[in-house]
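[1] Need a 3D model of the sequence below.
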Amino acid sequence: MKILVFAHQLEIGGTQTNAIELSAALRDLHGHEVCLFATPGPAVKLVEQKGLRYIPAPEALTHPSPSRMRALRRAVHGERPDVIHVWDWWQCLDAYYTEHLLKGIPMVVSDMNMSLTRILPKNLPTTFGTPEIVDLAKAAGRTRVDLLLPPVDVGFNAADAVDPGPLRERYDLKDDDITLVSVSRLDMHMKVESLTRTLEAVRTLGRDLPLRFLIVGDGPSRERLEASAATTNAELGRRAVMFTGALLDPRPAYAAADIVVGMGGSALRGMAFGKPVVVVGERGFSLPLTPATADSLYYKGMYGIALDDQGNQRHATDIRELATQSSRGRAALGEFARQFVVRHFALEAVSTQLAQLCLAAASATPQFRVAALDGLRTAGVWLRERRLLSYALRERMRW
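    Sure thing, here's the model as predicted:
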C-alpha cells in the first residue's frame, strides 16, 4: 500500500516527531511505501535521518490554502497514493475538498489536540490521542473514531541510548545537583504557564535544595522566560536556570535529568528514559506519575486542567517531594514510568494500529453523497468559527 502523509510544518515539536516516526515505522515495520508532504522546517533533518521520501509543501497563511491545495494535487497526481494520512484540522481542510471529496482518495485524520476539534469532518476515519477525547468524540455523535496514542520509540529513547556527559559538562551539572528538565516549545499558549510555574518553584525551593532547571526549546515566550530566569538566578546567587534552545535530538537532556517536568509526548519521552515525571497542564495542574495516578493521566493524555487554580503550592510540593526522595526512590518511580510507556505507547504497537486503520480506509468504498454532506457541515463550522480558528493558526505560526 502507498501512503502519502500530509503533516505539519516541520518545526521541532511533538506532533511533528510523531508524524515522522510513524511514517518511518509504516515503511520499516509494515512494508508500506510512504511519502511525506509537509512545509519545510528544522525537523527536515529528522526526515533525512529516517531516509523518508519527502515532498516540500508551500507555507500556508490560511486554511483552506489554495497554494497548498494545488501543491498537494500535484503530489497526489505524481504519487498516486492508496490513502492520505492527514495530521490535524488545518491539513484536513487543505486535503478534504479536492483529494477526498472530488477525487475519492481515502483519508485518515489524526488529531493530537487536547480538546475536541469540531471542524473535523464527522465521517472520516479519525484518531485522537487520548481516551478522554475519544469518549467526547463518540458522545458528540462521531462513529468512525479510534484511539491513536502518541508513539514513543522506546529503543531510541532509553537511558543507555545516549551519553549525557557532554551536555552535563556544558551546563556544569554536578552529581549532587538535582536537575529538572523540561523539553517544550516555548509557546505563549499552554506551555508558558507551566514553565513559569516551574521557574517559580525553583526560585522558592532553590534556597534549600540544589535544584538546577534546564529548559530545552525555543519560541515566542523565550524572552519572557529568560527575564524570569535571570531574576531567579540573581536571587539564588547561582546559575539555577539555563536554556539550551531547540535541540533536534533532546535525548541527552532527558538522560541528564533527575526529574522531568512536562506534558504530553515530552513527558512520555522523559518516562521512557526511566525518569520520575511531574505532569503539568493549565491553571496550575500538577501531578507526578505514580502507580496511584497512572490511570488518570493515561485517560487524560499526560495533561490536565486544574478545577481551581490555587497558586503554585501544589506544583512546588510535587517537585519538593521528588527532589527530597532518595535516589533509590526516584529510580523506582523512573522504572515504573519506563514500563508504563513500554506497555502503552511503544512505537511498534501504535504503528501497527495506524497501519490497520490505513488499510481499512483504503479498502472502503467511497460514498460521494456522505462526503459532500460532511464537507458542507465542516464548511459551516469554519464560517461560524473562522475568527477563533484563525487566531489558533496565528498562535501556531508565531515561532
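[2] contacts, neighbours, all on C-alpha from now
    OK.
[3] domain ranges for this structure?
    Here the domain parsing of the chain from automatic domain parsing is 2-151+346-396, 165-344.
[4] Start and end of the last one, how far apart?
    Just to be clear, that refers to domain 165-344. The straight-line separation of the ends of domain 165-344 (Cα to Cα, to the nearest Å) is 30 Å.
[5] Run the chain-centre distance for that domain.
    16 Å (Cα atoms, centre = their mean, to the nearest Å).
[6] Mind checking the pLDDT average for that domain?
    Averaged across domain 165-344, the pLDDT comes to 95.
[7] Which stretches in the stretch 101-250 of the chain count as strands?
    Secondary structure of the stretch 101-250 of the chain (DSSP state E, counting those that start in this stretch): strands at 107-111, 126-128, 145-147, 178-183, 211-216, 241-245.
[8] What's the mean pLDDT across the third one?
    Think strand 145-147. The model assigns strand 145-147 a mean pLDDT of 97.
[9] I'd like to know which elements it is packed against.
    With contacts taken as 3 or more Cα pairs under 8 Å, 6 or more residues apart in numbering; DSSP states H and E, strand 145-147 sits against strand 126-128, helix 131-139.
[10] Need the winner for burial among the ones you listed.
    Mean neighbour counts were compared across the helices and strands packed on strand 145-147 using mean count of other Cα atoms under 10 Å; the top stretch is strand 126-128, at a mean of 26.
[11] could I get the strands of the stretch 101-250 of the chain as TSV with distance to Glu385?
    Putting the strands of the stretch 101-250 of the chain into TSV (distance: least, Cα to Cα, whole Å) gives the following:
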stretch	distance to Glu385
strand 107-111	18
strand 126-128	21
strand 145-147	23
strand 178-183	32
strand 211-216	34
strand 241-245	35
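[12] Out of those strands, which is closest to Gly329?
    strand 178-183 (13.7 Å; Cα to Cα).
[13] Which residues does that closest one contact?
    By Cα atoms under 8 Å, 6 or more residues apart in numbering, the list of residues contacting strand 178-183 from outside reads 173, 195, 209-217, 250, 253-254, 256-262, 266, 323.
[14] For Ile305, which of the helices and strands packed on strand 145-147 is the nearest?
    helix 131-139 (13.0 Å).
[15] On the strand side of things, show who Val241 bridges to.
    For Val241, the beta-bridge partners are Phe213 (DSSP bridges).
[16] For it, give me its contacts.
    By Cα under 8 Å, 6+ apart, the contact set of Val241 is Leu199, Arg212, Phe213, Leu214, Ile215, Ala229, Ala230, Thr232, Asn233.
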